[in-house]
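> Everything below, folded, please.
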Amino acid sequence: MKKNKTDSAILIVLIAGVFWSFGALVVRFIEDARSVPWQYLFFRGSTIFILINIYLFVKEGKSFTKNYKKIGASGIIGGISLGIAMICFIWSITHTTAAVTLLMLAAMPFMTAILGYIFLKEKVSRTTLTAIIIAAIGIIFMAFTSRQIGTLFGLAIGLLSSFGFSIFSVSLRWRKNTPTFTTVAVAGLFCASISLIVLAFNDTGFFTTFRNSSLSALHGTLVCSGMILYSIGAKHLPAADLTLLSLTEVLGGIFWVWLPILGINEIPTTNTIIGGTIITLALMYYSLNTKRNRRFIGLN
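Numbers count the residues shown, from 1 in each chain. You can find the predicted model right below:
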């Protein structure tokens, strides 16, 4: 019975990663993406907030509102950090290739390990330190070989997005009873609110084309669906296994935007492939050689 649960959990988490991996493809279908990031973020954040609360209502009934009273400082910090990460993800992927953005997000476990050491006094093993150094080499290689200013900007913002996700992860470990889903709902609300403020300040309408609005709602739905599936599967798997399985999100996202039949055909540069391979090897080494790894919740 235990083996059956483990096998089912592996499949569920893999499916969650596949859901998240389609996010990059959805963004690539935005019309005039660089001119409507805030409108896109408004609808995406609103969708995440609404769907998470609907899920909690179905699961817990009216009592789900009590989670907001339990959220505390850790939940607020985590929610705002996750919201910033969501914003940075869109800005990154609209200024560089999907491969560069997604590979920067693959550095999250290493950033989380460093932040855990600084703020939670969690020890960093030799395995973790080695993986961090290997991943850093890959990131530095990609940065130095990014000749276009836009690509370098997207890489830097992608790292900032990864940093935001890492703070979110550490905030959940700061207080173990922090309600995770409610924290994600706060992130969606923060994302939508900041977008609305920016649009109002610039006197810009928050409505975009029907296509863009639909894509942003679809993206938010993919995030929530993956989050729910991940939470179900994570109960029956070691955290180290979850980190390895999370590669489906990164590699899948790169594959979908490359697959010609889907209409994007975005081919990573040779330097991106080399740097990405180094980061991927670091992540695999980290997953296969540590038992203490706590996987980030990848909500991009």
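
> Can you report phi and psi for Asn177?
phi -90, psi 10 (degrees, to the nearest 10).

> pLDDT wise, what is Glu249 at?
We have a pLDDT of 85 for Glu249.

> And the helix or strand encompassing it, what does it pack against?
Using DSSP states H and E, Glu249 sits in helix 247-258. Judged by 3 or more CB pairs under 8 Å, 6 or more residues apart in numbering; DSSP states H and E, the packing partners of helix 247-258 are helix 2-28, helix 98-105, helix 270-289. (Glycine included, C-beta is placed from N, CA and C.)

> Generate CSV for those helices, with mean neighbour count, distance to Leu41 and mean pLDDT as supplementary columns.
Listed next are the helices and strands packed on helix 247-258 as CSV, based on neighbours: other CB atoms under 10 Å; distance: least, CB to CB, whole Å; pLDDT from 0 to 100:
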stretch, mean neighbour count, distance to Leu41, mean pLDDT
helix 2-28, 19, 11, 85
helix 98-105, 28, 15, 91
helix 270-289, 19, 25, 87
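
> So what's the residue count around Ile54?
Neighbourhood size, Ile54 [other CB atoms under 10 Å]: 12.

> buried ones in the helix or strand containing it?
Using DSSP H and E, Ile54 sits in helix 37-60. Using 16 or more other CB atoms under 10 Å as the test for burial, helix 37-60 gives 37-53, 55-56.

> Repeat that for stretch 143-152.
Ala143, Ser146, Thr151, Leu152.

> ditto for stretch 112-128
Thr112, Ala113, Ile114, Leu115, Gly116, Glu122, Ser125, Thr127, Thr128.

> I'd like the distance from Phe255 to Ala143, if you could.
23 Å (CB to CB, to the nearest Å).

> Next: Gly263.
Per CB to CB, Gly263 is found 30 Å from Ala143.

> what about the stretch 51-200 of the chain, any weak spots by pLDDT?
147-149 (pLDDT under 70).

> how about a cut-off of 80?
Under the criterion pLDDT under 80, the flagged ranges of the stretch 51-200 of the chain are 145-150, 172-173, 175-177.

> which residues in it form helices?
For the stretch 51-200 of the chain, applying DSSP state H, counting those that start in this stretch gives helices covering 67-70, 72-93, 98-105, 108-119, 126-144, 149-174, 180-201.

> elements contacting the first one?
Going back to what we said before, that points to helix 67-70. Helix 67-70 packs on helix 180-201, going by 3+ CB pairs under 8 Å, 6+ apart.

> for Ile134, what are its contacts?
Ile278, Ile279, Leu281, Ala282, Tyr285 (CB atoms under 8 Å, 6 or more residues apart in numbering).

> Roughly how far does the nearest residue to the second one once chain neighbours are set aside sit from Ile80?
If I follow you right, that is Ile279. Using CB to CB, 6 or more residues apart in numbering and skipping residues adjacent in sequence, the residue nearest Ile279 is Gly138, 4.0 Å away. Plainly put, Gly138 is 29 Å away from Ile80 if you go by CB to CB.
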